[in-house]
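*Asks:* One predicted model, sequence on top.
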Amino acid sequence: METIKLWKNTPMFDESIGQPEPTLTPYLLADGKMHGAVIVCPGGGYVMKADHEGAPIAQRMNELGFHAFVLDYRVAPYRHPVPLMDAQRAIRYVRHFADRFGIYKDKIAILGFSAGGHLVCTAATLWDEGDPAAEDPIDRESSRPDLFVPCYAVASVDQYWHEGSAYSLMGEKFERRQMRALTAEFNVTEKTPPCFLWHTAEDGAVPVENSLRLAKALIAHNVPVSLHIFPFGPHGVGLGREDSPLAEDWPQLLADFLRTMGF
Amino acid sequence: MEMQKIYLWENEKDVPLFDAGIGQEMPSITPFLLNDGKGHGAMIVAPGGAYTHKAVHEGAPVAQRLNEMGINAFVLDYRVHPYHAPVPMLDAQRAIRAVRARAEEFGVLPDKIGFMGFSAGGHLTGLCGTQYDAGNPDAGDPVERVSCRPDAIAPCYGVLNINMMRSADFNEYMTGERDLDIRRVRALSPEYHVTPDTPPCFLWHTATDPIVMVESSIDFAQKCADQNVPVSLHVYPFGRHGLDLGNEKEAPGTTSWSGLLGKFLHQLGF
């Protein structure tokens, strides 16, 4: 389907940077029934967006019976909070037009890989209920995802981090306080949405600690968690590749979890 | 196919630390063999039961499921309370050696013999995966000449760190003592003994397990990853302790673990 611009006038947009305005590309099921939706955020170290972590994931979500969208969010030299603003706007947008899309308004998940996984972790921990006084009705919607799916995510920009993603997101100079504010494991509460997360144990770019520590923090707050660590495969395998046997099972395990959670 | 059980030692006098007065049988394995004329890997299955008994639902049904996936299985009957550590481990190690020594006869690949167990049996699995020897070449008994290192381990909602199962009762069933000093806790917690030589490991647990905390499996997985030991970990969001093959009604999603284990073992050449 046709790509949707998230704003008529994109806030903090800088044309001279040369990046397009943030968009959502819908991948909708055509069966006329209501479904949950998954917003997909490709990774790329907050400097680009990897193709194999976008459209193919949305198509796989469709095969598993969910509506999907691919988010094109702004990356470096845009800094925090710009990527988060784009992700939050995407959630509000899908929620606002849920009826039109055939989506349950309270079954909107956000999924992301690597740095896109960081983005979904921040979206899941730094959300608001919407601004009832906003002029734009979309901004009146809640930005809380109903479920989040960090995939080999840079869950931490504090310890065990991926240095490149951290610098691209926060700039050259940042304080420990900001690192912690943007590291989900320190910001989990009982209201953090349910989480499905997976990682390969061999990941050499983003250590598996990122997922294990986040999972423990979520469990400590009684947030429903489905965690899957696969033994083999480097960073960035997406739907799975020849060198990541076993990891290809994650989409089915995710579908099981989404259904358990009412999607 | 289930076969007649095989005692791990032929005579009571040969069973180390055997006490006929306790009234427990000699330790044994019950084979569930594919018998298709081909070599397959095998898993030895240790049912759980807090070291007081062996839960039947964590034995034969698991062995049958392994057979469905093309893997030979043996259900271990190990000695429990009032036998105490190291007796269960002696039985488990003997089982690994016995299967290896007779691998050809069983249709088992001698370098694809894994060990798995549930709850306390998962503790036993962790012990076997972190304490083993290559066998004693000078032993008179040919079984004692072969290695007891498992080629894969699969602790299922296992007690891999006794700190995740703070229970004086469990301590007593395991060791005969209700209070364990910290050295003993560490010595008996497999998590502290993972090395690069620890065999590939498959773990699963439910996040809401009220008896053995899920951190037991997550932390063990972290230790395996730290040591570059291949590790597969599956944590499901809901479910009580002791779900054996999983239960979709009670704990949706949990029945997927055995298929994931099968793929993991096949990937390792089982």
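*Replies:* That came through fine. Numbering: from 1, shown residues only, chains lettered A, B, ... in the order given.
*Asks:* For the residue in the stretch 51-200 of chain B that chain A sits nearest to, which residues are in contact?
*Replies:* Going by CB to the nearest CB, chain A is nearest to residue B:200 of the stretch 51-200 of chain B, at 6.8 Å. C-betas here are computed from N, CA, C, even on glycine. For residue B:200, the contact set (CB atoms under 8 Å, 6 or more residues apart in numbering or on different chains) comprises A:231, B:151, B:152, B:153, B:229, B:230, B:231, B:264, B:268.
*Asks:* Looking at those, spot the one nearest residue B:116.
*Replies:* residue B:153 (6.8 Å; CB to CB).
*Asks:* Can you tell me, leaving aside adjacent residues, what's nearest to the closest one?
*Replies:* residue B:129 (3.9 Å; CB to CB, 6 or more residues apart in numbering or on different chains).
*Asks:* In terms of pLDDT, where does that neighbour sit?
*Replies:* Model confidence at residue B:129, given as pLDDT, is 98.
*Asks:* what do you get for residue B:75?
*Replies:* Reported pLDDT for residue B:75: 98.
*Asks:* do the same with residue B:138
*Replies:* 97.
*Asks:* What count of nearby residues applies to residue B:98?
*Replies:* Neighbour count of residue B:98, defined by other CB atoms under 10 Å in any protein chain shown: 25.
*Asks:* In a helix, it, correct?
*Replies:* Yes: under DSSP: H, G, I helix; E, B strand; the rest coil, residue B:98 falls within a helix.
*Asks:* Could I get the pLDDT score of it?
*Replies:* 98.
*Asks:* ok, now residue A:172?
*Replies:* Looking at residue A:172 specifically, the model assigns a pLDDT of 85.
*Asks:* got a winner among the contacts of residue B:200 for most neighbours?
*Replies:* Busiest of those [other CB under 10 Å] is residue B:153, holding 29 neighbours.
*Asks:* Test my guess that it contacts residue B:113.
*Replies:* No: the criterion here is CB atoms under 8 Å, and residue B:153 misses it with residue B:113 at 10.8 Å.
*Asks:* buried stuff in the helix or strand of chain A with the lowest mean pLDDT?
*Replies:* Lowest on mean pLDDT, DSSP states H and E among the helices and strands of chain A sits helix A:176-181, with a mean of 89. Buried residues in helix A:176-181, counted by 16 or more other CB atoms under 10 Å in any protein chain shown: A:178, A:179, A:181.
*Asks:* Run through the residues that contact the first one.
*Replies:* Spelled out, that is residue A:178. A:80, A:170.
*Asks:* Any figure for the gap between it and chain B?
*Replies:* 26 Å (CB to the nearest CB, to the nearest Å).
*Asks:* Please identify which of the buried residues of helix A:176-181 is nearest to residue A:166.
*Replies:* Nearest member of the buried residues of helix A:176-181 to residue A:166, counting by CB to CB, is residue A:179, at 7.2 Å.
*Asks:* before we move on, back to that, around the residue nearest to residue B:153, how many other residues sit close by?
*Replies:* Around residue B:129 there are 29 residues (other CB under 10 Å).
*Asks:* for residue B:110, same thing?
*Replies:* 17.
*Asks:* ok, now how distant is the nearest residue to it once chain neighbours are set aside from residue B:12?
*Replies:* Leaving aside its chain neighbours, residue B:110 sits nearest to residue B:103 (3.9 Å; criterion: CB to CB, 6+ apart). Counting by CB to CB, to the nearest Å, the separation of residue B:103 from residue B:12 is 26 Å.
*Asks:* Quick one: mean pLDDT over the helix or strand encompassing residue A:219.
*Replies:* Assigned by DSSP states H and E, residue A:219 belongs to helix A:209-220. Averaging pLDDT along helix A:209-220 yields 97.
*Asks:* what does stretch A:183-198 give?
*Replies:* For stretch A:183-198, the per-residue pLDDT averages 96.
*Asks:* Near the nearest residue to residue A:139 once chain neighbours are set aside, how many residues? Count them for me, please.
*Replies:* Once flanking residues are discounted, residue A:139 sits nearest to residue A:131: 5.4 Å by CB to CB, 6+ apart. Counted with other CB under 10 Å, the neighbours of residue A:131 add up to 12.
*Asks:* Just read off the phi/psi values of residue A:131.
*Replies:* phi -110, psi 100 (degrees, to the nearest 10).
*Asks:* who touches the closest residue to residue B:106 other than its chain neighbours in this structure?
*Replies:* Closest residue to residue B:106 in three dimensions, ignoring its sequence neighbours and counting by CB to CB, 6+ apart: residue B:33, at 5.9 Å. For residue B:33, the contact set (CB under 8 Å, 6+ apart) comprises B:1, B:3, B:67, B:72, B:106, B:107.
*Asks:* please redo it, this time with the cut-off set to 10 Å
*Replies:* By CB atoms under 10 Å, 6 or more residues apart in numbering or on different chains, the contact set of residue B:33 is B:1-3, B:40, B:42, B:63, B:67, B:72-74, B:105-108.
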